[in-house]
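**Q** would you be able to build a 3D model of this:
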Amino acid sequence: MKAAPALRDLARRLSLGRAVLTLYHRPVGLVRQSIAEGGPWEQRRTEMGRREMMEAARVLPPFDPPAVDLGARVVFLSGAQYWYQTLFCFASLQWHVSERVTPVIHDDGTLAEETRALLRRVVPWVEFIDCALVNERLDRLLPAASYPSLRDRRLKYFHLRKLTDIHVCASGWTLVMDSDMLCFRRPDALLAWFRRPHATFMQDVHKSYGYSDELMSALATGLLPERVNVGLYAVHSPSIDWDRVEHNCRRQIEQEGPHYLQEQALTALVLSGFDAKPLPEADYVVMPSLAEGRAPRAAFHHYVAQSKRSYFQHGWRHVVKLLEAGHDAPCSFAVDP
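**A** Numbers count the residues shown, from 1 in each chain. As a prediction, the model looks like this:
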């Protein structure tokens with residue numbers, strides 16, 4: 001393992017950084033990824049499962065709009081690449097809830113009318129937030145002259161839009177979910193949240209912020225949550241201090257550079273000012289094992305990293321069985337269980 005740093009140093013001296021990345025580090029990374037995902041054969045099965053999931057989304061049974069609408073909403077950022085995952089995620093949640101939950105889908109710029117129709121066929125009451133509305137809100141509430149770091153980073157780093165775009169368009173408590181999640185049984189903590197909204201988050205398997213503990217602690221406005229995973233979290237959008245978010249974004253980049261996990265880090269810093277409470281880890285599982293994927297016990301899974309194997313080979317198939325079977329008495333969040 002010591003050869004890699006020495007090779008990088010030599011590459012810098014010889015101006016061979018890009019060549020070394022291409023000829024050494026990238027192939028090594030692909031091999032490690034293949035091993036983590038079960039090897040080439042399992043990777044092929046996973047990709048086949050992904051394609052089957054996309055086709056299954058086109059023929060999911062449509063929901064009848066639940067008659068009782070108490071204003072529950074869940075927000076996604078989605079587009080052409082993820083629409084079928086968004087649909088499966090929401091359908092698996094609504095199946096477990098008797099009242100109407102409205103999916104609010106922010107268009108990432110690729111959500112064509114044909115794709116919207118596929119979503120609307122299954123969930124007729126779905127709402128879409130167009131890019132034009134988002135851009136108007138950004139220019140009015142987060143103008144580039146006052147928020148240069150956020151606006152510049154948002155253009156280069158897609159994930160940040162899940163923080164900026166969603167919350168500048170929200171008027172109250174906002175429950176944000178990633179598309180690559182599935183619900184398998186009564187989500188008690190979420191039902192309680194719909195009754196009494198509060199700041200909350202899903203817990204990651206380990207701390208994944210991409211920035212040093214020293215910097216994160218210095219930027220936090222309260223107690224920094226240990227393991228925020230942005231697959232599922234809630235916050236009161238109008239109370240977000242965007243001046244502080246701009247400051248934190250700029251400081252992170254200036255001191256330690258941009259990072260793939262910066263959106264998660266910035267969201268954790270936002271939640272540090274809200275006394276956010278974690279969701280029960282046993283019921284809201286990040287990166288479920290293959291065994292858990294085959295026979296889910298948790299209420300929710302968030303399929304990150306190598307757990308895509310569980311997701312595409314097994315997870316969505318459980319949801320299809322639920323939707324096709326139907327049920328007599330889904331759970332209500334209107335009353336305490």
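**Q** F201: what secondary structure?
**A** strand (DSSP: H, G, I helix; E, B strand; the rest coil).
**Q** neighbours of it, just the number please.
**A** F201 has 25 neighbouring residues, counting by other CB atoms under 10 Å. The way it works is simple: take the backbone N, C-alpha and C, and place the C-beta from them, glycine included.
**Q** residue ranges with poor pLDDT in the chain?
**A** The model of the chain has pLDDT under 70 over residues 1-39, 327-330, 334-337.
**Q** of all residues in it, which one is nearest the centre?
**A** The residue lying closest to the centre of the chain (CA atoms, centre = their mean) is D178, at 2.7 Å.
**Q** for that one, which non-adjacent residue is closest in space?
**A** Nearest non-adjacent residue to D178, counting by CB to CB, 6 or more residues apart in numbering: G231, 4.2 Å away.
**Q** would you mark the buried spots in whatever helix or strand the one you found lives in?
**A** Taking DSSP states H and E as the definition, one finds G231 inside strand 228-236. Judged by neighbour count (16 or more other CB atoms under 10 Å), strand 228-236 contains these buried residues: 228-235.
**Q** adjacent strands (with direction) for it?
**A** Paired with strand 228-236 in the same sheet, following DSSP bridges, are strand 173-177 (antiparallel), strand 200-203 (antiparallel).
**Q** for F312, state which of the buried residues of strand 228-236 is nearest.
**A** Nearest to F312 out of the buried residues of strand 228-236 is G231 (CB to CB; 16.5 Å).
**Q** so what's that closest one up against?
**A** 177-178, 180-181, 202, 286, 302, 304 (CB atoms under 8 Å, 6 or more residues apart in numbering).
**Q** try L142
**A** Counting by CB under 8 Å, 6+ apart, L142 touches 150-151, 164, 168, 242.
**Q** do you know how far it is from T164?
**A** 7 Å (CB to CB, to the nearest Å).
**Q** quick check: neighbours shared by those two?
**A** L150.
**Q** sitting in strands, which of the contacts of G231 do you find?
**A** Counting by DSSP state E, the contacts of G231 place 177, 181, 202, 286, 302 in strands.
**Q** surely the last one and L232 touch.
**A** Right, the one you point to is H302. Yes - using CB atoms under 8 Å, H302 is in contact with L232, at 6.9 Å.
**Q** common neighbours of those two, please.
**A** With CB under 8 Å, 6+ apart, H302 and L232 have common neighbours 178, 181, 202, 284.
**Q** restricted to buried residues, select these in ChimeraX.
**A** Selection of buried members from those for ChimeraX, criterion 16+ other CB under 10 Å:
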select :178,181,202,284
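**Q** quick check: closest non-adjacent residue to V285.
**A** Nearest to V285 is A298, by CB to CB, 6+ apart, at 4.2 Å.
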